[in-house]
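1. one predicted model, sequence on top.
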Amino acid sequence: MVHSAYDAVELVAGVPGDIVAVAAYAGRLLIAGKDGSLRIYASPDHHAAAADGEIPRDGGRSYELERHQASLWRRGTPVAMEVSAGRELLLSLAECVNLHRLPGLETVAVIGKTKGANLFAWDDRRGLLAVGRWKRLTIFRLDGGREFVEVKEFGVSDTVKSMAWCGDNICLGIRKEYMIINSMTGALTEVFSSGRNAPPLVVALPTGELLLGKIRSLRAPNALVQTVVLRDVQKLVETENCILAVLACSVYGLLPVPIGAQIVQLTASGEFEEALALCKLLPPEDSNLRAAKESSIHIRYGHFLFDNGSYEEAMGQFSDSHVDITYVLSLYPSLVLPQTHIIGEHDRLIDLPELARESSDLTDDMEPYSLQPHESDDKSQLEIKKMSHNSLIALVKYLQKKRNGIIERATAEVTEEVVSGAVHHSSLLSEPYRSKKPSKKRAQTHTSSIARETATVLDTSLLQALILTGQSSGAIELLKGLNYCDLKICKEFLEERNNYMVLLELYKSNEMHREALQLLNQLVEESKADMGKNDFNKKFNSQMIIEYLRPLCRSDPMLVLESSLYVLERNPTETIELFLSENVPADLVNSYLKQHASNLQSTYLELMLSMSVSGINPNLQNELVQLYLSEVLDWYKILKEEGSWSEKTYSPTRKKLITTLENNSGYNTDILLKRLPQDALFEERAILYGKINQHLRALSLYVHKLQMPERAVAYCDRVYEEGAQQPSKSNIYFNLLQIYLNPRKAEKEFEQKIVPVASQYPGIQKATKVKGGRTGKKVVEIEGADDVRFSPSGTDSGRSDGDGDGDDVSDGGPIMLNEALELLSQRWDRINGAQALRLLPRDTKLQDLVLFLEPLLRNSSEHRRNYMVIKNLIFRANLQVKEDLYKRRQAVVKIDGDSMCSLCHKRIANSAFAIYPNGQTLVHFVCFRESQQIKAVRGVNSLKRR
């Protein structure tokens, strides 16, 4: 920190005798000798110096003796002397403190209490005098211009050797230490030592600072500023514009160096912080100059720190210099920047004519600092790499610190353009209404894009720096928010480094979803192909595609469909969940899959059917069933050609078809029945018959074609339980008994019920007979099948089949007595016993009916007993009511001479009377009749008002 803050100039030389005290007054030097004489020296141009009261800065011409006053102090030798210019007084200390009037040197006052003092310090502004005497410090105040009043007195540890005022404090030199004492409280604080050999010297500067022996800063850690080589300095004396250093026979003036020159010295020597501190002392009217100097110093300081590896501190200096970020980014030639037309703040300051000259001395010093990174031969590649990493880390912090303000300005710029564009557009729309005359086109004005260009440079550089320092997560966070990254540069940069996660986020932030999904599909494929070779690709999977598609389902469903084929094949469940959770239209999905991926259509529909809480619409149900049926028919044809077809053979698709037919009802049964073959797939046909309430046909197929009586019983159970609230449901079992015991009669009854069943549905026409006398096949025409909705009401409400459907019902055969008896024993409580017994053959053994009759009779007897009990309970309750009625009718009313009518309040006597139901209110019968007539009239009038 050592620099020239003061220039030492010899003012007076060859003074006779020893100098004991010096003071300055009106450009002159007052020198007191050891012999008690006072000599006054003046410069050759003392007239100009007297005008402003300052010591001239001409170091080439010494002062000359102007006046000699012998024996000014008659008692004692003067040891200290000071001038009060405002009061034109000379304060001196010989035996005690004396006051002399200037310029005539007449004695004004002598302070007797200061006898024996060795030094004093005068505060001219407040008129306070501090006197050091032995181990005491006494403070006096000048009162009235001639008398001093003692104010405070404090004790110190030793004799005070030097002293100076500093505000309310006094700096003392005691022994070889500097201390500060508060003039109000006496609190004492140590500062630092004066050294081994030099005595403590204290001088107060006009700025309020102190000069202590060596020129040293009072800011911690009290660094040395300058050492002036002068031997045997006795005293330091403050004047208006310099410090006087008193030697034995000569006087030197320490003239302050201009602040601008000190700044240049400090900057050249690398003391940038001290140079910046001195910039604060420049006059306020030179604010532009000060800003230019500070900016230049910050820039050079930043270069110095950057070259020495202090990257974060360097970025702090660049930030304080307000230099444009492009200037800082030029230190990183490896970063690719977009083309801009930005002029840095530093360049604009330098270009100003009034600052060019002042800042040239600093900018010239910056030339040795190259903008290219230095490489040292003795450093290893690892050290260079580490240095580069640390410098990039510092750059990331610098750019992040700058980013908020730049992004705000860029956003405001965009908003301003949008608003101005909207205003311009509205004005164009309103012009035709103002005038029909053609007008010239208005040139559209564009706001300057400097802020956006700066934001583009910043974000593009920040992204590259984050990637180069391994902060991919930080780059992703940058891209997730508002950013101005250059797409082309960032894309090429990320592709070179195979950083696909950040590249995907870059595509996403620029709404390039198609490119992002193509890249993601490619990465997933490579991940599966190179799972064992490249660990990097392991983190790409199909789930990432699904998550990427999720926010696009509402904004661009077609893009979602185009990009979902890959994941629909590999992750069908998750993909369907995506479509359902994001409410992608099911019809749209089905239509797209039908055209572009028909193999995935059934997968989508069946998963949607299983996962959707509310189910899928009938059209999609019908679509799914038709897909299943087509596949089953193709499978059936193959097996039939091979001769291996059996009704008990089930493929996975056939199982799905049967399950879907049983659990859903939104499909079109007529179309499905027409597509079924006549000689196969009887189970599917039975299910379809059941959906349209043709229970006889369904049961006949289960029993005779499929030979699955247990399925027929289960069918009856399901129909019975679905219609348990309707008593007519019980005959479904009776229909099954008819099929078991009388197949021919069941078929005839079935044919007789075709006509009334067909009349229940407008889409089914009545069957017609073919000419020839014999009953032909029933021909049924189905109309508007999609609008027909079947319900299980009416167990026998069947309808005729399509052409040729009559062949699938048996024309008769042996009765199935065992199955009938088993049905009776298991479902005795759901079958009418009398009707069932009439159907049984006459040769049926009673022993075979035990399992049926025993619980039936037991249940009948139990019901009969219950009915008798209920009957008796009802009869008894009826008797109790009659008894209560008789008791009510036996009420007794006593009429005597005091009985009064409640309406007319007259005695009833022998008149006819009436009694109200409460048994206590008595009225004349005539009064009761009149009251009833009045109520009737009021009721009629109220109705008329309404």
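-> Looks like it came in fine. Keep in mind the model is a prediction, meaning the values are calculated, not measured.
2. and the helices in the stretch 751-900 of the chain?
-> With DSSP state H, counting those that start in this stretch applied, the stretch 751-900 of the chain shows helices at 754-760, 817-826, 833-839, 850-889, listed in chain order.
3. most tightly surrounded among the ones you listed?
-> Using mean count of other CB atoms under 10 Å, the stretch among those with the largest mean neighbour count is helix 817-826, at a mean of 18. Any C-beta I mention is one placed from the backbone N, CA and C, and that applies to glycine too.
4. dump the C-alpha coordinates for it into PDB.
-> Coordinates of each C-alpha in helix 817-826 appear next as PDB, following Å, rounded to 0.1, in the frame of the first residue of the first chain:
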ATOM      1  CA  LEU A 817     -85.400 -86.700 -15.300                       C
ATOM      2  CA  ASN A 818     -82.200 -86.800 -13.100                       C
ATOM      3  CA  GLU A 819     -81.400 -83.200 -14.000                       C
ATOM      4  CA  ALA A 820     -85.000 -82.200 -13.300                       C
ATOM      5  CA  LEU A 821     -85.000 -83.900  -9.900                       C
ATOM      6  CA  GLU A 822     -81.700 -82.300  -9.000                       C
ATOM      7  CA  LEU A 823     -83.100 -78.900 -10.000                       C
ATOM      8  CA  LEU A 824     -86.200 -79.500  -7.800                       C
ATOM      9  CA  SER A 825     -84.100 -80.600  -4.800                       C
ATOM     10  CA  GLN A 826     -81.800 -77.600  -5.100                       C
END
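5. could you give the mean pLDDT of it?
-> Averaged across helix 817-826, pLDDT comes to 77.
6. also stretch 505-516?
-> Averaged over stretch 505-516, pLDDT sits at 91.
7. off-centre distance for that stretch?
-> Here stretch 505-516 shows a centroid-to-chain-centroid distance of 21 Å under the convention CA atoms, centre = their mean, to the nearest Å.
8. span of that stretch from start to end?
-> Looking at stretch 505-516, the gap from its leading to its trailing residue is 8 Å under the measure CA to CA, to the nearest Å.
9. list the buried residues of that stretch.
-> Along stretch 505-516, these residues count as buried under the neighbour rule (16 or more other CB atoms under 10 Å): Glu505, Leu506, Tyr507, Lys508, Ser509, Asn510, Met512, His513, Ala516.
10. now these as a markdown table including distance to Phe493 and secondary structure?
-> Rendered in a markdown table, the data for these read as follows (distance: CB to CB, whole Å; DSSP: H, G, I helix; E, B strand; the rest coil):
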| residue | distance to Phe493 | secondary structure |
| --- | --- | --- |
| Glu505 | 14 | helix |
| Leu506 | 10 | helix |
| Tyr507 | 14 | helix |
| Lys508 | 17 | helix |
| Ser509 | 15 | helix |
| Asn510 | 15 | coil |
| Met512 | 16 | coil |
| His513 | 21 | helix |
| Ala516 | 17 | helix |
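11. quick revisit: I'd like the helices of the stretch 751-900 of the chain laid out as TSV, including distance to Gly421.
-> Putting the helices of the stretch 751-900 of the chain into TSV (distance: least, CB to CB, whole Å) gives the following:
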stretch	distance to Gly421
helix 754-760	68
helix 817-826	83
helix 833-839	88
helix 850-889	89
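12. of these, which is nearest Ala394?
-> Ala394 lies closest to helix 754-760 among the helices of the stretch 751-900 of the chain, at 87.5 Å (CB to CB).
13. for the record, mean pLDDT for that closest one?
-> Mean pLDDT, helix 754-760: 39.
14. what do you get for stretch 98-118?
-> The pLDDT scores in stretch 98-118 average 84.
15. try stretch 66-80
-> Confidence over stretch 66-80 (mean pLDDT, whole number) is 80.
16. buried ones in that stretch?
-> For stretch 66-80, burial by neighbour count (16+ other CB under 10 Å) applies to Leu72, Trp73, Thr77, Pro78, Val79, Ala80.
17. quick check: closest non-adjacent residue to Leu565.
-> Excluding its sequence neighbours, the residue lying closest to Leu565 (CB to CB, 6 or more residues apart in numbering) is Ala597, at 5.4 Å.
18. where does the one you found land on pLDDT?
-> Residue-level confidence at Ala597 comes out at 75, pLDDT.
19. same question, the one 10 residues further on
-> The per-residue pLDDT reported for Leu607 equals 77.
20. Met387 too?
-> For Met387, the model assigns a pLDDT of 55.
21. with Val423 instead?
-> The score at Val423 is 69. That number is its pLDDT.
22. now Arg550
-> For Arg550, the model assigns a pLDDT of 86.
23. go on, Arg196?
-> In this prediction Arg196 is given a pLDDT of 61.
24. Tyr311 now?
-> In this model, Tyr311 is scored at 90, pLDDT.
25. again with Thr363
-> The score at Thr363 is 41. That number is its pLDDT.
26. just Ser448 next, same as before
-> As summarised for this prediction, Ser448 has a pLDDT of 49.
27. nearest to Gln543, of the buried residues of stretch 505-516?
-> Checking the buried residues of stretch 505-516 against Gln543 with CB to CB, the nearest one is Ala516 at 15.4 Å.
28. spit out the contact partners of the nearest residue to the closest one once chain neighbours are set aside.
-> With sequence-adjacent residues excluded and distances taken as CB to CB, 6+ apart, Ala516 is closest to Tyr507, at 3.6 Å. Residues in contact with Tyr507 (CB atoms under 8 Å, 6 or more residues apart in numbering) are His513, Glu515, Ala516, Leu519.
29. if you set the cut-off to 10 Å instead, what comes out?
-> Taking CB atoms under 10 Å, 6 or more residues apart in numbering, we find Tyr507 in contact with 479, 487, 491, 494, 513-520, 548.
30. next, give phi and psi for the closest residue to His298 other than its chain neighbours.
-> Distance criterion CB to CB, 6+ apart; nearest residue to His298, sequence neighbours excluded, is Ser321 at 3.4 Å. Its backbone dihedrals place Ser321 at phi -80, psi -10, with angles given as degrees, to the nearest 10.
31. how far out from the middle of the chain is stretch 496-514?
-> Taking CA atoms, centre = their mean, one finds stretch 496-514 lying 21 Å from the centre of the chain it belongs to.
32. can you check stretch 159-170 too?
-> The chain centroid and the centroid of stretch 159-170 are separated by 61 Å under CA atoms, centre = their mean.
33. and for stretch 451-458?
-> If you compare the mean C-alpha spot of stretch 451-458 with that of the full chain, they lie 24 Å apart, counting by CA atoms, centre = their mean.
34. equivalent analysis for stretch 661-680, please.
-> Using CA atoms, centre = their mean, the distance from the centre of stretch 661-680 to the centre of the chain it belongs to is 54 Å.
35. any idea how far apart the tips of stretch 557-569 sit?
-> Across its full length, stretch 557-569 reaches 18 Å between end residues, using CA to CA.
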